[in-house]
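Q: everything below, folded, please.
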Amino acid sequence: MSPDDAEALLAINMHVRSPSPEWVEFLGETISTWLVEQRAPAGVMDDTKSHWLLARIDEGGASSPAALALLRQCCVKARAVPAALLAYLRQQEMQIRLVDSEAITENDERLMTGA
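A: Got it, this is the predicted structure:
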């Protein structure tokens, strides 16, 4: 895989509104393998790789399920991960949980009021 291939996959992901589980798994596995295992330094997410990844994810929205899966996969596969990347992942996961809990609360309120 080349950087252009990775960029193309991430560009496609920006236009996927409701990604299938297969797409989420494919994107996360494919790009994390290339980024963590095939690009030097192998086995780590250094600052250069992290900045590249975060810049691409910020373009397309980190809240997409595939982008979040990609972040997770990179952090899991790497022996070393910059603290900033881990903090970013945690922040995105907390935001998604907050949005999910707000949606559940709104639904519960509608059910209770009969709306």
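Q: give the helix, strand or coil label for F26.
A: What DSSP: H, G, I helix; E, B strand; the rest coil gives for F26 is helix.
Q: what's the pLDDT at it?
A: On pLDDT, F26 comes in at 97.
Q: count of residues packed around it?
A: F26 is flanked by 15 other residues according to other C-beta atoms under 10 Å. C-betas here are computed from N, CA, C, even on glycine.
Q: need the helices for the chain, in chain order.
A: For the chain, helices defined by DSSP state H occupy the ranges 3-14, 21-32, 47-60, 65-77, 83-113.
Q: mind putting those in a markdown table, distance to P41 included?
A: Listed next are these as a markdown table, based on distance: least, C-beta to C-beta, whole Å:
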| stretch | distance to P41 |
| --- | --- |
| helix 3-14 | 16 |
| helix 21-32 | 15 |
| helix 47-60 | 9 |
| helix 65-77 | 13 |
| helix 83-113 | 15 |
